[in-house]
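Peer 1: the following comprises the amino acid sequence and a computationally predicted model.
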Amino acid sequence: MTKSLETDVLYLLYDVARLMRTRADQRARRHGMTRAQWVILSWLERQSGISQSDLAGLVEVEPITVCRLVDRLEGRGFVERRPDPKDRRIKRLHLTSKAGPVLDEIHAWREELRHEVTAGISDAALKSQVDTLLRMKSNLVQPPVFAQAV
């Protein structure tokens with residue numbers, strides 16, 4: 001029996017994430033930025049001093065793409081590159097105080113989106129969804145079952 005795509009959990013997860021990315025693109029554009037730039041700023045808020053290479057791994061893009069995004073953010077005064085004290089080839093990325101208002105906007109948008117996405121969903125249902133998503137994430141962090149059998 002073929003399951004309808006409208007009720008397939010994998011399709012739904014993908015589609016909800018796509019719709020959220022679209023909303024983020026729209027909101028970032030209103031501020032003359034891209035969602036990718038917002039993602040970079042958000043990661044730097046959580047992991048100040050990270051290298052461009054490590055950041056590329058976190059955001060799942062090529063290092064050259066991160067380099068270009070950081071170039072633009074640095075040009076706007078939101079990010080600065082500092083030399084690594086142990087390896088002069090590595091530049092560490094840090095937010096500047098000028099990034100604060102942009103991060104405030106990102107936080108406000110995330111709260112608005114959270115309210116929009118969860119409208120009409122009870123706290124108990126949300127907790128159950130979070131627990132389920134955490135379990136799914138944990139399942140995917142493990143090696144695939146077929147790889148374990150080999």
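Peer 2: Here it is on my side, so go on.

Peer 1: low-confidence bits of the chain, can you list those?
Peer 2: For the chain, the stretches flagged by pLDDT under 70 are 1-3, 147-150.

Peer 1: do that again at 80, thanks
Peer 2: Residues of the chain meeting the criterion pLDDT under 80: 1-3, 5, 145-150.

Peer 1: all strands for it, in order.
Peer 2: Listed in chain order, the strands found in the chain under DSSP state E are 79-83, 91-95.

Peer 1: tell me which of these sits nearest to Leu10.
Peer 2: Between Leu10 and the strands of the chain, the shortest separation by Cβ to Cβ is 34.0 Å, and it involves strand 91-95. For glycine as for every other residue, the C-beta is placed from the backbone atoms N, C-alpha and C.

Peer 1: how about the strands of the chain in CSV, adding distance to Val59 and mean neighbour count?
Peer 2: Output for the strands of the chain, formatted as CSV (distance: least, Cβ to Cβ, whole Å; neighbours: other Cβ atoms under 10 Å):
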stretch, distance to Val59, mean neighbour count
strand 79-83, 14, 15
strand 91-95, 12, 18
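
Peer 1: can you put the ones you listed in a markdown table and add distance to Ser53?
Peer 2: Converted to a markdown table, the strands of the chain look like this (distance: least, Cβ to Cβ, whole Å):
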| stretch | distance to Ser53 |
| --- | --- |
| strand 79-83 | 13 |
| strand 91-95 | 10 |
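
Peer 1: who touches the biggest helix by length in the chain?
Peer 2: What stands out as the longest helix in the chain, according to DSSP state H, is helix 9-30. Outside helix 9-30, the residues that touch it by Cβ atoms under 8 Å, 6 or more residues apart in numbering are 5-6, 34-35, 37-38, 109, 113, 117.
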